[in-house]
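Colleague: Structure here, sequence nowhere to be found:
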Ligand SMILES: NC(=O)C1=CN([C@@H]2O[C@H](COP(=O)(O)OP(=O)(O)OC[C@H]3O[C@@H](n4cnc5c(N)ncnc54)[C@H](OP(=O)(O)O)[C@@H]3O)[C@@H](O)[C@H]2O)C=CC1
Ligand SMILES: C[C@H]1O[C@H](OP(=O)(O)OP(=O)(O)OC[C@H]2O[C@@H](n3cnc4c(=O)[nH]c(N)nc43)[C@H](O)[C@@H]2O)[C@@H](O)[C@@H](O)C1=O
């Protein structure tokens with residue numbers, strides 16, 4: 001099966017993912033995992049999942065046994081301890097330990113089960129706090145990290161090196177993708193632990209509902225962020241599984257960023273909030289900017305399809321439906 005992404009005609013490029021491949025998506029109930037499942041299923045692949053209630057992926061022995069049992073052609077590693085700036089700075093122990101353990105279990109287990117292709121998902125926060133903008137993949141390990149997510153970033157860097165090591169030592173076709181900030185249906189809207197976009201949707205909606213004249217957001221509003229809809233990310237993941245086979249990580253983003261203040265204005269517009277927005281500079285800003293250089297990905301034929309404002313409106317509608325259900 002081919003996907004309908006723009007770029008060079010797929011049939012001329014042999015796919016590294018056979019039609020109807022059996023793919024284990026780790027973390028299938030999450031924002032990314034659920035989108036990857038939708039995309040793989042639409043493309044005609046056989047998707048295998050296992051909930052955390054039945055398999056804790058930090059358990060290496062049980063994970064290896066599960067993977068030996070299902071013998072997947074490919075694994076997408078989208079299971080992780082994930083959260084926004086406050087969750088990362090409050091729970092660094094869980095962010096480093098859970099992620100290291102999940103990565104060790106899943107990547108080693110996949111290799112032991114004879115899995116041919118594996119996609120490891122890192123994050124744009126692996127790059128130095130003051131990396132050149134847009135950030136090329138070559139910026140990895142060239143400077144100090146942003147302190148609010150250092151534990152998480154170091155776990156992710158270890159995952160990249162683990163993935164590269166299986167290729168170098170055993171010739172495994174394992175690859176890594178580094179997504180920018182993601183959003184979309186399936187996201188967490190928990191006000192304390194979520195990322196900025198779902199938090200803003202909820203805060204502006206609730207402020208409008210309660211008739212609040214003003215609402216206060218975290219930080220200065222000056223940091224710049226790049227946002228990619230999770231369905232575009234899922235398309236990029238499948239494209240990479242089909243076409244990319246190298247040990248260099250691949251950035252996944254849309255190529256544009258905006259300030260958190262500009263984002264807030266957009267969300268206020270989508271949610272029809274007309275009050276004042278204030279900023280609590282006692283809360284952390286995090287990294288000043290992390291716009292990814294996406295030329296490696298675009299050279300494979302990737303182009304994002306969902307404009308930010310449209311994606312925010314769709315995510316807002318999804319969340320309203322979830323609340324009503
Ligand atoms: N969201 C973002 O903005 C970005 C995400 N990424 C990366 O994408 C990947 C997916 O993130 P995202 O979908 O947002 O995260 P979510 O928190 O939405 O989903 C994570 C998934 O992992 C599962 N999981 C966590 N711990 C375990 C465990 N011990 N055993 C089994 N399953 C577990 C969760 O299960 P359960 O549903 O039971 O909780 C959930 O399904 C991560 O690697 C993340 O680093 C990268 C850049 C940005
Ligand atoms: C994906 C990425 O996500 C995290 O990095 P981050 O981009 O800094 O995280 P964030 O989305 O939480 O915040 C972005 C900006 O937004 C501001 N902000 C305003 N008001 C709210 C607010 O209400 N909630 C949140 N969460 N942020 C707010 C906030 O102060 C910051 O300046 C890491 O987990 C990192 O490891 C990672 O990979």
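Modeller: Here it is on my side, so go on. The structure presented is a predicted model; accordingly, all values stated were derived computationally and were not measured. Numbers count the residues shown, from 1 in each chain. Ligands and ions are numbered 1, 2, ... in the order given.

Colleague: Tell me, how many residues neighbour residue 93?
Modeller: When neighbours are defined as other Cβ atoms under 10 Å, residue 93 has 9 of them. Backbone N, C-alpha and C define where each C-beta goes, glycine included.

Colleague: same thing with residue 124?
Modeller: As a burial measure, residue 124 scores 24 neighbours (other Cβ under 10 Å).

Colleague: how near is it to residue 78?
Modeller: 16 Å (Cβ to Cβ, to the nearest Å).

Colleague: anything in the longest strand seen in the chain near ligand 1?
Modeller: Secondary structure of the chain read by DSSP state E shows that its longest strand is strand 173-179. Yes - Strand 173-179 is in contact with ligand 1 by Cβ under 6 Å from any ligand atom, via residue 179.

Colleague: So which elements touch that strand?
Modeller: In terms of contacts (3 or more Cβ pairs under 8 Å, 6 or more residues apart in numbering; DSSP states H and E), strand 173-179 is packed against helix 92-112, strand 117-121, helix 150-170, helix 230-243, strand 250-252.

Colleague: Beyond it, next helix or strand please.
Modeller: Toward the C-terminal end, the helix or strand that comes next after strand 173-179 (DSSP states H and E) is strand 181-183.

Colleague: So is that following strand next to ligand 2?
Modeller: Yes - applying Cβ under 6 Å from any ligand atom, one finds strand 181-183 touching ligand 2 at residue 181.

Colleague: swap in stretch 195-209?
Modeller: Yes - Stretch 195-209 lies within reach of ligand 2 by Cβ under 6 Å from any ligand atom, at 195-196, 199, 203.

Colleague: can you narrow the residues you listed to ones near ligand 1?
Modeller: When contact is defined as Cβ under 6 Å from any ligand atom, these meet ligand 1 at residue 195.

Colleague: Max pairwise distance over the residues of stretch 195-209 next to ligand 2: which two?
Modeller: Greatest spacing in the residues of stretch 195-209 next to ligand 2, by Cβ to Cβ: 195 and 203 (12.7 Å).

Colleague: any common contacting residues for these two?
Modeller: Here residue 195 and residue 203 have no joint contacts, going by Cβ atoms under 8 Å, 6 or more residues apart in numbering.

Colleague: Neighbours of residue 288, how many?
Modeller: If we define neighbours as other Cβ under 10 Å, then residue 288 has 13 of them.

Colleague: Nearest residue to the closest residue to ligand 1 within the chain in space, please, no chain neighbours.
Modeller: For the chain and ligand 1, the shortest gap (Cβ to the nearest ligand atom) falls at residue 30, measuring 2.0 Å. For residue 30, ignoring the flanking residues on the chain, the nearest one in space by Cβ to Cβ, 6 or more residues apart in numbering is residue 78 at 6.1 Å.

Colleague: and that neighbour, what is it in contact with?
Modeller: Neighbouring residues of residue 78 by Cβ under 8 Å, 6+ apart: 25-28, 30, 32-33, 36, 121.

Colleague: Restricted to buried residues, select the residues you listed in PyMOL.
Modeller: Here is the PyMOL selection string for the buried members of those, based on 16 or more other Cβ atoms under 10 Å:
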select buried, resi 25+26+27+28+30+32+33+36+121
